[in-house]
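Colleague: Mind looking at a prediction? Sequence and model below.
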Amino acid sequence: MIVAWFPLAAGAHGGSTHSPAAMVPAVREQQDWGIAGLQREVTRTITVRMDDRMRFTPDRIDVGEGETVRLVVHNGGGALHELVIGTSTALSGHAELMQRFPDMEHDEPWMAHVPAGRSGEIVWTFNRPGRFEFACLLAGHFAAGMIGAIDVKPAFTQALAKESATVR
């Protein structure tokens, strides 16, 4: 297990928030969808907007295997929303728990809980290829379709695309 310090700008489901400058110890544990990234390894920043229409914009993100991305999550709605990264199975299971225990508090590096009109961020390394999802798992939001997709292209596919572009 690797332990590192990460600034987390996200609040728990219960409504508490962390200051963006707060330094909270986070454990870097490998998940099926990647591992918490380091700020110094960020290669790209992607802004994702969410609102009370229960939608994300964009609702699809393409990244390369091994890429560390900063997701800046802006809540333009009037209610608390969140962005949680995971597999379809993990997100569905967590959404069911949130239905039963809507005030459960937790913070993980793959989650950003964002109050109305505020922004949060996730720094994540997508070190496994595949299709993953992001969703708002607050009670009723997931069921309303507040879900997006993340396609992580395998490293060899990226290398072939670069090689093909060079040959042309």
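Modeller: That came in fine, so what should we check first? Residues are numbered from 1 along each chain as shown.
Colleague: so how far is stretch 50-62 off the chain centroid?
Modeller: Remark: stretch 50-62 is offset 12 Å from the chain centroid, using Cα atoms, centre = their mean, to the nearest Å.
Colleague: Give me the neighbour count for residue 143.
Modeller: Residue 143: 12 surrounding residues under other Cβ atoms under 10 Å. Every C-beta, even on glycine, is put in place using the N, C-alpha and C of the backbone.
Colleague: where does it fall, helix, sheet strand or coil?
Modeller: coil (DSSP: H, G, I helix; E, B strand; the rest coil).
Colleague: do you know how far it is from residue 92?
Modeller: 10 Å (Cβ to Cβ, to the nearest Å).
Colleague: What strand or helix carries the spatially most central residue of the chain?
Modeller: In the chain, the centroid-proximal residue (Cα atoms, centre = their mean) is residue 85; its distance is 4.1 Å. Per DSSP states H and E: residue 85 is located in strand 81-86.
Colleague: That strand - what's its average pLDDT?
Modeller: Mean per-residue pLDDT for strand 81-86: 96.
Colleague: same thing with stretch 141-154?
Modeller: When pLDDT is averaged along stretch 141-154, the result is 96.
Colleague: can you give me the helices for this structure?
Modeller: Assigned helices in the chain, in chain order: 88-100, 155-167 (criterion: DSSP state H).
Colleague: Now tell me which of those helices the model trusts least on average.
Modeller: Among the helices of the chain, helix 155-167 has the lowest mean pLDDT, at a mean of 63.
Colleague: give me the number of residues near residue 92?
Modeller: Residue 92 sits with 15 neighbouring residues when counted by other Cβ under 10 Å.
Colleague: next one: residue 29
Modeller: 13.
Colleague: So it versus residue 110, what's the distance?
Modeller: Residue 29 sits 10 Å away from residue 110, going by Cβ to Cβ.
Colleague: overlap in contacts of these two?
Modeller: Applying Cβ atoms under 8 Å, 6 or more residues apart in numbering, one finds that residue 29 and residue 110 are jointly contacted by residue 36.
Colleague: Please enumerate residues in contact with stretch 33-46?
Modeller: 4, 6-7, 26-29, 61, 63, 67-72, 85-87, 90, 109-110, 123-128, 130, 132, 150, 152.
Colleague: Show the buried residues in the residues you listed.
Modeller: 6, 26, 28, 61, 63, 67-71, 85-86, 90, 109-110, 123-128, 132, 150, 152 (16 or more other Cβ atoms under 10 Å).
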